[in-house]
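**Q** this one's structure only:
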């Protein structure tokens, strides 16, 4: 158990290190000199050289990498080449917005998928089960940003119930914060809920065919009771895997939804930095997103072993 | 084909019909569209559906039907190249990982997991930042991000084939790994790969739409469903039709490829029918 845990932790650490090198190198091979980009084409060669020294981009790549990653480990992502502001604090602020969005979307997805998916599995030979499968299939085909556009059209433009975009921090006005969060979270969550419903259904269907569930029924439990008491935990193993993969999808999907709803999250920060060719900022955001994806996979691995004792031995 | 088998594959039929529809529309657009999809004409801007313009026109007076038709081309083009890149890199990698010594196989799959941490959208935005956004950077980025799915499927399929008796016999007869890979492994995992291609195609269509929506995919004036959605946003309050038409097109294509993939999977492995 401990050995397996150490091995997985080791793989995670090595993956994060490799990912950081990959992100750094990708940005470093870029055509164009950040100093030149920041100063514009009319800058004198002396000024460019001075700015290069200020950015530290005149040093060997290895030095630059270790300097950057050393800073990142202490939360210092460097200063933006364009605005000259510290990247770290802004990154933390924006990440907060994105995490609220992703967290709320995840909750919505689970609230939809677990009951609907289980119901569709139990009634898979009945019309109601088939209808749920069909609707979820349709939901998978709708891009989250399209769902967002349609939600805005109905709830913000026509019924004027909720704001069409914008962000109020939760500590400023919690009610307004919630109202602003509902539509973007629904846009992300509804689509992910449709994806998840399909997995919950197939996981529950698999579980329903197990002998221990038949035994539970034989003891006199009704199908629903047997499922809740014995089946859901087992159905949870494959669902947790998908949930982990989906968290990564949600983080990236947030980029698009943030653009639809004009939210100041990590995604819009990424797009703005790309547009401004603010490459050190892009580098920092990409690193955060990639580490988040690796971290989620790592945690899913750990959660696995917690849910399924059989996996602890392997 | 008996009726019993036919009855079990409505998914496959529905998927084939929807995908066929998208392909047909794209093919027809090469020889005929009702109007020039890129022709700007202020006199007919923002028309509602009429006899001449079936779905109406956009803010530049461009015909929506013609844009959707040529946009289908873009969508299929991106899907084919992205899935092609993914299959051509991922399949040999997966087979290699399954047939090579354990350490090498492990190494390939670890690198694979690392690529998995770079989702298609993120990779495409990075490519766009470095090389400038275009249909090409979007296709290649989506393709690379899809490599791990193919490598995983190819690896697990190959491992199953490698443990069969006819492969053992072929190895005993002294056939080289390359011959075994080509003669025994590839034909046996081809079905799995086709299913994966269909599912990946659906994901690629979604990714392209999202990228064009963000301005990181197909550049104007080439029509693209994602960009049509982006352009519709400012006029949403007055002209929701501008978002609904490309939205339906995207949903039809994605639904088609997903259903096709599911249907093919059920057909190839009847035990799984109705499970997903």
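**A** The structure has been received and is ready for your questions. Values in this document were obtained by computation on a predicted structure and should not be read as measured data.
**Q** how many neighbours does the residue nearest to residue B:64 when sequence neighbours are not counted have?
**A** Spatial nearest neighbour of residue B:64, chain neighbours left out: residue B:55 (3.8 Å); criterion: Cβ to Cβ, 6 or more residues apart in numbering or on different chains. C-beta: built from backbone N, CA, C; applies to glycine. Other residues lying near residue B:55 total 22 when counted by other Cβ atoms under 10 Å in any protein chain shown.
**Q** am I right that residue B:50 is in contact with residue B:56?
**A** Yes. Residue B:50 is in contact with residue B:56 according to Cβ atoms under 8 Å; the separation is 7.1 Å.
**Q** more crowded one of the two?
**A** Set residue B:50 next to residue B:56 and count neighbours by other Cβ under 10 Å: residue B:56 wins out with 20 against 11.
**Q** just the pLDDT for residue A:178.
**A** Looking at residue A:178, its pLDDT is 88.
**Q** mind listing the helices for chain B?
**A** B:3-7, B:10-31, B:64-99, B:102-116, B:120-131, B:135-162, B:165-172, B:177-180, B:186-214, B:225-232, B:241-268 (DSSP state H).
**Q** same check on the stretch 1-150 of chain A?
**A** Taking DSSP state H, counting those that start in this stretch as the criterion, the stretch 1-150 of chain A carries its helices at A:2-28, A:34-39, A:45-55, A:61-73, A:87-122, A:127-140, A:144-151.
**Q** the inter-axis angle of the fifth one versus helix A:61-73?
**A** Compare the direction of helix A:87-122 with that of helix A:61-73 by axes from the mean of the first three to the mean of the last three Cα atoms, to 10 degrees and you get 70 degrees.
**Q** which other helices and strands does helix A:87-122 contact?
**A** Helices and strands touching helix A:87-122, by 3 or more Cβ pairs under 8 Å, 6 or more residues apart in numbering or on different chains; DSSP states H and E, are helix A:127-140, helix A:174-208, helix A:232-260, helix A:266-275, helix A:279-307.
**Q** quick one: the third one to chain centroid distance?
**A** Looking back up the chat, that one is helix A:232-260. On the basis of Cα atoms, centre = their mean, to the nearest Å, helix A:232-260 sits 7 Å off its chain's mean C-alpha point.
**Q** over to the shortest one?
**A** Between the mean C-alpha location of helix A:266-275 and the chain-wide mean there is a distance of 16 Å, by Cα atoms, centre = their mean.
**Q** what are the buried residues along that helix?
**A** Buried residues in helix A:266-275, defined by neighbour count with 16 or more other Cβ atoms under 10 Å in any protein chain shown: A:266-271, A:273-274.
**Q** closest one of these to residue B:19?
**A** Ranked by distance to residue B:19 (Cβ to Cβ), those are led by residue A:267 at 31.0 Å.
**Q** who's in contact with the closest one?
**A** Going by Cβ atoms under 8 Å, 6 or more residues apart in numbering or on different chains, residue A:267 touches A:98, A:252, A:254-259.
**Q** next one: residue B:208
**A** Contact analysis of residue B:208 by Cβ under 8 Å, 6+ apart lists B:74-75, B:78-79, B:82, B:138-139, B:142, B:217-218, B:224, B:226.
**Q** again, but for residue A:59
**A** residue A:67.
**Q** what about the closest residue to residue A:43 other than its chain neighbours, neighbour count?
**A** Of all residues not flanking residue A:43 in the chain, residue A:36 sits nearest, at 7.0 Å (Cβ to Cβ, 6+ apart). Counted by other Cβ under 10 Å, the residues lying close to residue A:36 total 15.
**Q** need phi/psi at residue A:264.
**A** phi -80, psi 60 (degrees, to the nearest 10).
**Q** I'd say it and residue A:167 touch.
**A** Yes. Contact criterion Cβ under 8 Å: residue A:264 and residue A:167 qualify, at 5.5 Å.
**Q** the more surrounded of those two?
**A** Set side by side, residue A:264 and residue A:167 show more neighbours around residue A:167, with 22 against 18, by other Cβ under 10 Å.
**Q** dump the residue contacts of the residue nearest to residue B:64.
**A** B:49, B:63-65, B:68, B:241, B:245.
**Q** now do it against chain A, distance only.
**A** 16 Å (Cβ to the nearest Cβ, to the nearest Å).
**Q** before we move on, what about residue B:216?
**A** Look at residue B:216 and chain A: by Cβ to the nearest Cβ, they are 8 Å apart.
**Q** for that residue, what are its contacts?
**A** Residue B:216 makes contact with B:124-125, B:128, B:133, B:137-138, according to Cβ under 8 Å, 6+ apart.
**Q** for residue A:193, same thing?
**A** When contacts are counted by Cβ under 8 Å, 6+ apart, residue A:193 touches A:108-113, A:116, A:139.
**Q** for residue B:73, same thing?
**A** Per Cβ under 8 Å, 6+ apart, neighbours of residue B:73: B:26, B:29-30.
**Q** picking that back up, from the buried residues of helix A:266-275, which shows the smallest pLDDT?
**A** Comparing the buried residues of helix A:266-275 by pLDDT, residue A:274 comes last, at 86.
**Q** which residue sits closest to it, ignoring its sequence neighbours?
**A** Nearest to residue A:274 is residue B:129, by Cβ to Cβ, 6+ apart, at 4.4 Å.
**Q** on that earlier part again, turn the helices and strands packed on helix A:87-122 into CSV, including distance to residue B:264.
**A** Formatted as CSV, the helices and strands packed on helix A:87-122 follow (distance: least, Cβ to Cβ, whole Å):
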stretch, distance to residue B:264
helix A:127-140, 15
helix A:174-208, 16
helix A:232-260, 21
helix A:266-275, 34
helix A:279-307, 28
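**Q** and residue A:149, which of those is closest to it?
**A** Set against residue A:149 and scored by Cβ to Cβ, the helices and strands packed on helix A:87-122 come closest in helix A:232-260, at 6.3 Å.
**Q** neighbours of residue 230, how many?
**A** Looking at chain A here, since you left the chain open. With other Cβ under 10 Å as criterion, residue A:230 counts 17.
**Q** if you could check chain B rather than the one you did, that'd help
**A** Using other Cβ under 10 Å, residue B:230 has 22 other residues around it.
**Q** please tell me how far it sits from residue B:215.
**A** 7 Å (Cβ to Cβ, to the nearest Å).
**Q** what about residue B:234, how many residues nearby?
**A** Residues near residue B:234, counting by other Cβ under 10 Å, number 11.
**Q** and the gap between it and chain A?
**A** For residue B:234, the distance to chain A - Cβ to the nearest Cβ - is 11 Å.
**Q** drop anything exposed from the contacts of residue B:73.
**A** B:26, B:29.
**Q** low-confidence ranges in chain A?
**A** For chain A, the stretches with pLDDT under 70 are A:1, A:30-32, A:308-314.
**Q** most centrally placed residue in it?
**A** residue A:251 (2.3 Å; Cα atoms, centre = their mean).
**Q** does that one touch residue A:292 like I think?
**A** Yes. Counting by Cβ under 8 Å, residue A:251 does reach residue A:292; the two are 5.8 Å apart.
**Q** show me what contacts the spatially most central residue of chain B?
**A** Against the mean C-alpha coordinate of chain B, by Cα atoms, centre = their mean, the closest residue is residue B:201 at 1.6 Å. Going by Cβ under 8 Å, 6+ apart, residue B:201 touches B:79, B:83, B:257, B:261.
**Q** let's see it at 7 Å
**A** Listed by Cβ atoms under 7 Å, 6 or more residues apart in numbering or on different chains, the contact set of residue B:201 reads B:79, B:83, B:257.
**Q** for chain A, see how far away the first one is.
**A** With the distance defined as Cβ to the nearest Cβ, residue B:79 ends up 14 Å from chain A.
**Q** what does the stretch 151-276 of chain B put close to chain A?
**A** Proximity of the stretch 151-276 of chain B to chain A is confined to B:206, B:209-210, B:213-214, B:229, B:233, B:236-237, B:240, B:243, B:247, B:250-251, B:254-255, B:258-259, B:274-276 under the rule Cβ under 7 Å from any Cβ of the partner chain.
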